[in-house]
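S.K.: Have a look at this prediction, sequence included:
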Amino acid sequence: MPAYKRILLKLSGEALMGDDAYGINRATIVRMVQEVREVTQMGVEVAVVIGGGNIFRGVAGGSVGMDRATADYMGMLATVMNSLALADTMRQEGMIARVMSAIGIEQVVEPYVRPKALQYLEEGKVVVFAAGTGNPFFTTDTAAALRGAEIGAEIVLKATKVDGVYTADPKKDPQAKRYSAITFDEAIGRNLQVMDGAAFALCRDQKLPIKVFSIFKPGALKRVVQGEDEGTLVHV
Ligand SMILES: Nc1ncnc2c1ncn2[C@@H]1O[C@H](COP(=O)(O)OP(=O)(O)OP(=O)(O)O)[C@@H](O)[C@H]1O
Ligand SMILES: O=c1ccn([C@@H]2O[C@H](COP(=O)(O)O)[C@@H](O)[C@H]2O)c(=O)[nH]1
């Protein structure tokens with residue numbers, strides 16, 4: 001029995017690489033999609049935001065001398081590519097998905113129109129929100145918070161490379177301890193970098209909880225959706 005009727009799932013772009021150095025690993029994207037399918041089969045309405053870190057990060061482009069806003073637009077276009085790959089894999093796995101872009105690219109995908117997105121969700125289609133917020137200087141974490149709030153999702157699920165929120169970055173500090181739950185104020189106050197501050201602040205203001213869990217752990221998404229103890233809950 002699912003604990004939620006509608007979720008916003010934020011999928012790590014970087015995780016799409018699997019063991020490759022760059023791009024989209026076929027086996028990885030298929031496995032991710034199969035996990036999403038399991039959840040849709042439980043009757044949960046699923047909207048997805050996928051990152052672009054496997055292809056391009058604006059902040060990295062900016063740091064090597066590119067104009068930051070231009071680099072960020074390239075990052076947003078990277079998320080469009082990932083979204084197309086995700087929706088196509090969903091189609092191959094027997095699901096119906098629609099990609100909606102926050103930046104105009106109409107020959108490729110339809111634009112984001114909130115009522116249309118709501119209609120798709122009510123019809124049981126998976127909606128993939130591409131191009132982040134459509135604005136530079138943001139990330140897809142903030143896009144997930146924004147779209148999650150707009151569509152009335154009950155929770156934002158951040159499926160990432162680590163299995164929760166830690167006292168420090170667990171990839172850098174082996175002594176870091178995982179929280180099973182943490183408030184938004186604490187996460188913001190401690191400057192925990194697992195998600196950007198804008199995303200935390202938006203979810204806090206909208207009282208939209210976030211669950212952070214590992215995208216690499218088989219069955220973790222299903223357990224989260226069933227309300228089981230998995231990852232870290234960030235709450236008001
Ligand atoms: N306090 C913390 N707790 C957990 N993870 C942290 C913390 N601080 C930093 N991190 C890092 O944050 C990363 C997750 O955020 P990030 O935005 O980089 O990934 P993503 O959303 O999975 O990727 P993408 O941007 O490609 O979609 C983790 O891989 C982890 O190393
Ligand atoms: O609203 C947004 C979302 C993303 N970007 C740019 O895209 C890249 C990739 O997104 P990640 O969340 O880092 O995976 C990001 O680094 C930004 O450069 C953006 O500008 N606005």
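M.R.: In hand now; what should we look at? Ligands and ions are numbered 1, 2, ... in the order given.
S.K.: Flag every buried residue along stretch 100-114.
M.R.: Neighbour counts over stretch 100-114 (16 or more other Cβ atoms under 10 Å) mark 100, 101, 102, 103, 105, 109, 112 as buried. Any C-beta I mention is one placed from the backbone N, CA and C, and that applies to glycine too.
S.K.: can you tell me if it touches ligand 2.
M.R.: No - on the criterion Cβ under 6 Å from any ligand atom, stretch 100-114 is out of touch with ligand 2, staying 7.1 Å away.
S.K.: Give me the distance between the two termini of that stretch.
M.R.: 10 Å (Cα to Cα, to the nearest Å).
S.K.: which outside residues touch it?
M.R.: 73, 76-77, 80, 83-84, 98-99, 116-117, 127-134, 143, 150-151 (Cβ atoms under 8 Å, 6 or more residues apart in numbering).
S.K.: just the buried members of these?
M.R.: 73, 76-77, 80, 83-84, 98-99, 117, 127-134, 143, 150-151.
S.K.: Return the distance of stretch 145-161 from the chain's centre.
M.R.: In terms of Cα atoms, centre = their mean, to the nearest Å, the centre of stretch 145-161 is found 7 Å from the chain centre.
S.K.: returning to that earlier point: possible to save the buried residues of stretch 100-114 as JSON lines with pLDDT and secondary structure?
M.R.: Converted to JSON lines, the buried residues of stretch 100-114 look like this (pLDDT from 0 to 100; DSSP: H, G, I helix; E, B strand; the rest coil):
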{"residue": "100", "pLDDT": "98", "secondary structure": "strand"}
{"residue": "101", "pLDDT": "98", "secondary structure": "strand"}
{"residue": "102", "pLDDT": "98", "secondary structure": "coil"}
{"residue": "103", "pLDDT": "98", "secondary structure": "coil"}
{"residue": "105", "pLDDT": "96", "secondary structure": "coil"}
{"residue": "109", "pLDDT": "97", "secondary structure": "coil"}
{"residue": "112", "pLDDT": "98", "secondary structure": "coil"}
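S.K.: now for the helix or strand harbouring residue 60, which elements pack on it?
M.R.: Using DSSP states H and E, residue 60 maps to helix 58-63. Using 3 or more Cβ pairs under 8 Å, 6 or more residues apart in numbering; DSSP states H and E as the contact test, the elements touching helix 58-63 are helix 68-92.
S.K.: Would you tell me which residues of this structure are close to ligand 1?
M.R.: So the chain meets ligand 1 at 12-15, 51, 53, 140, 160-162, 165-166, 168-171, 192-194 (Cβ under 6 Å from any ligand atom).
S.K.: Mark which of those residues are part of helices, please.
M.R.: Among these, the residues falling in helices (DSSP state H) are residue 140.
S.K.: Just the buried ones out of the residues of the chain next to ligand 1, please.
M.R.: Listed as buried from those are 12-13, 15, 51, 53, 140, 160, 162, 165-166, 170, 192, 194; burial here means 16+ other Cβ under 10 Å.
S.K.: Closest one to residue 205 out of those, please.
M.R.: residue 192 (17.8 Å; Cβ to Cβ).
S.K.: Look up how far ligand 2 lies from the closest one.
M.R.: The spacing between residue 192 and ligand 2, counted by Cβ to the nearest ligand atom, to the nearest Å, is 16 Å.
S.K.: if I pick that residue, what's in contact with it?
M.R.: By Cβ under 8 Å, 6+ apart, the contact set of residue 192 is 165, 166, 167, 182.
S.K.: For the protein, which residues score under the pLDDT cut-off?
M.R.: For the chain, the stretches flagged by pLDDT under 70 are 62.
S.K.: got the buried residues for stretch 21-32?
M.R.: By neighbour count with 16+ other Cβ under 10 Å, stretch 21-32 contains the buried residues 24, 25, 28, 29, 32.
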